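*Asks:* Turn this into a model:
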Amino acid sequence: MSERINRRFTITELHKAGHRPCEIFNLLKHRGFKRSTVYGVIKRYSKAPSLADKKRSGGPRTARTKSMVKALRDRIRRNPRRQQKKLAIQLNVSPSTIKMALKSDLGVRAMRRGVCHMLTTKQKKNRVIRCRGLLKRHAGESYKNILFTDEKIFTVEEKFNRQNDRIYAKRKSDIPIAQRKSNRSHHLGSVMVWLGVSLVGKADLYFVPQGVKVREKNYLDEVLEPIVKPIGSTLFKNRDWTFQQDSAPAHGAKVVQRWLHDNVPGFISSQQWPSASPDLNPLDYGIWSKLEIMACSKSHTSVESLKQSLLKAWGDYPIESVRAAIDGWPSRLRSCVKAKGGNFEP
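*Replies:* Purely as a prediction, here's the structure:
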């Protein structure tokens, strides 16, 4: 008796015993039975009480044969990065045959490739050592008192996702060109934004003058003194907290590290934070992209318009999303250690 007949027999026997279809599915789903299979067999059995296959019409397969499916499987195993049109040409079948074979015979689906940070062997070792240090230092719930900070440049252009942005119409000509195209310019107006977030709350959004990120004196005068220093009383209400920043040149300068030692209760030094690690900063992996979508859903006519949109978007940004990103930070440190400092899936 074939596997297909065995499955039908199991379903019909349970049905004869008085079990309802939903009960049969719950009993068999751990064995790989699909809900549609259970309901389909019962419906078919009620019309014709036979377990045998129905008589099929048409001739034998000529394109989606076993040998073709095997050749397709071997190609996918050697290199999963494939194009269906090229596979169809290589195997001398139609693109629709390839599509059906991938879905029905091989049970695979197309997945979007992502991008990740390029890491050297030295950087990977550095990430492991520093992630372990951060896990040890911020064990338990002490990470909840960290102020995570970062800077990002926003432009007046619309945030455009080439793969997912779609427009719907019967004909392309029905849609105005302004809606069909996303404008791009060689001379962009832009602004640098500084943000700080913690589980306690969101710091105010600040627009940073150009050059601050690479010049320690500007960083001290424009960010640390006027923005970071008051946060201890405004956001943390004079409780103990820890300041975090990435490994940008201005951040690692001796004068900056000395200022932090003298002016904040605790901080993660440039020797403690993993370099080349945007996947470990909640702002990078969980906040910036969403904020950009909110603020730059359409292009702006001026930098001032962009600034007003960013301020409104940050004001509307839900604190629950901020806290969710920060709560995922310890598990990301552990995932980085498990991946031996390489790229990882959170």
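
*Asks:* In terms of pLDDT, where does residue 323 sit?
*Replies:* Note on residue 323: pLDDT of 96.

*Asks:* Please apply the same query to residue 213.
*Replies:* Per the predicted model, pLDDT is 58 at residue 213.

*Asks:* What of the one 4 residues further on?
*Replies:* Looking at residue 217, its pLDDT reads 85.

*Asks:* contacting residues for it?
*Replies:* Residues near residue 217 by Cβ atoms under 8 Å, 6 or more residues apart in numbering: residue 255. For the C-beta atoms, the positions are set from N, CA and C on the backbone; glycine is no exception.

*Asks:* So the nearest residue to residue 81 once chain neighbours are set aside: helix, strand or coil?
*Replies:* Setting aside the residues directly before and after it, residue 81 is nearest to residue 113 in space (Cβ to Cβ, 6 or more residues apart in numbering), at 7.5 Å. Per DSSP: H, G, I helix; E, B strand; the rest coil, the local secondary structure of residue 113 is coil.

*Asks:* got the phi/psi numbers for residue 113?
*Replies:* Taking degrees, to the nearest 10, you get phi -80, psi 140 for the backbone angles of residue 113.

*Asks:* count of neighbours near it?
*Replies:* Neighbours of residue 113 under the rule other Cβ atoms under 10 Å: 6.

*Asks:* Next one: it from residue 80, what distance?
*Replies:* Using Cβ to Cβ, to the nearest Å, we find residue 113 at a distance of 10 Å from residue 80.

*Asks:* what's the answer for residue 31, then?
*Replies:* Taking Cβ to Cβ, one finds residue 31 at 28 Å from residue 80.

*Asks:* Please apply the same query to residue 16.
*Replies:* 45 Å.

*Asks:* same deal with residue 264?
*Replies:* In terms of Cβ to Cβ, residue 264 sits 48 Å off from residue 80.

*Asks:* Repeat that for residue 339.
*Replies:* 20 Å.

*Asks:* Residue 286 too?
*Replies:* Distance from residue 286 to residue 80, by Cβ to Cβ: 28 Å.

*Asks:* Same question for residue 124.
*Replies:* 24 Å.

*Asks:* same question, residue 270
*Replies:* Counting by Cβ to Cβ - residue 270 and residue 80 are separated by 39 Å.

*Asks:* same question, residue 153
*Replies:* 35 Å.

*Asks:* before we move on, the earlier item: the more surrounded of residue 264 and residue 80?
*Replies:* Set side by side, residue 264 and residue 80 show more neighbours around residue 264, with 18 against 10, by other Cβ under 10 Å.

*Asks:* Is it correct that the more buried one is in contact with residue 241?
*Replies:* Yes: counting by Cβ atoms under 8 Å, residue 241 is a contact partner of residue 264 at 7.5 Å.

*Asks:* what is in contact with these two at once?
*Replies:* residue 232.

*Asks:* Could you list the low-pLDDT ranges of this protein?
*Replies:* Residue ranges of the chain with pLDDT under 70: 1, 162-163, 211-214.

*Asks:* Which residue ranges make up the domains of it?
*Replies:* When the chain is parsed with automatic domain parsing, its domains come out as 3-47, 66-105, 122-338.

*Asks:* which strand in the chain runs the most residues?
*Replies:* strand 146-155 (DSSP state E).

*Asks:* mind listing what that one pairs with, with the direction of each?
*Replies:* Sheet pairing of strand 146-155 (DSSP bridges) gives strand 190-197 (antiparallel), strand 242-244 (parallel).

*Asks:* is it possible to export those to CSV including distance to residue 109 and mean neighbour count?
*Replies:* Below are these laid out as CSV (distance: least, Cβ to Cβ, whole Å; neighbours: other Cβ atoms under 10 Å):
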stretch, distance to residue 109, mean neighbour count
strand 190-197, 36, 20
strand 242-244, 39, 22
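
*Asks:* Tell me where the stretch 51-200 of the chain has helices.
*Replies:* 66-78, 84-91, 95-100, 121-137, 177-180 (DSSP state H, counting those that start in this stretch).

*Asks:* helices and strands around the first one, which ones?
*Replies:* For helix 66-78, the helices and strands in contact under the criterion 3 or more Cβ pairs under 8 Å, 6 or more residues apart in numbering; DSSP states H and E are helix 84-91.

*Asks:* Output the helix it packs on as PDB - backbone C-alpha positions only.
*Replies:* The C-alpha atoms that make up helix 84-91 are tabulated as PDB, following Å, rounded to 0.1, in the frame of the first residue of the first chain:
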ATOM      1  CA  GLN A  84      13.900  30.600 -13.500                       C
ATOM      2  CA  LYS A  85      14.300  31.900 -17.000                       C
ATOM      3  CA  LYS A  86      17.900  30.600 -17.300                       C
ATOM      4  CA  LEU A  87      16.900  27.300 -15.700                       C
ATOM      5  CA  ALA A  88      14.200  26.900 -18.300                       C
ATOM      6  CA  ILE A  89      16.700  27.500 -21.100                       C
ATOM      7  CA  GLN A  90      19.300  25.100 -19.600                       C
ATOM      8  CA  LEU A  91      16.700  22.300 -19.100                       C
END
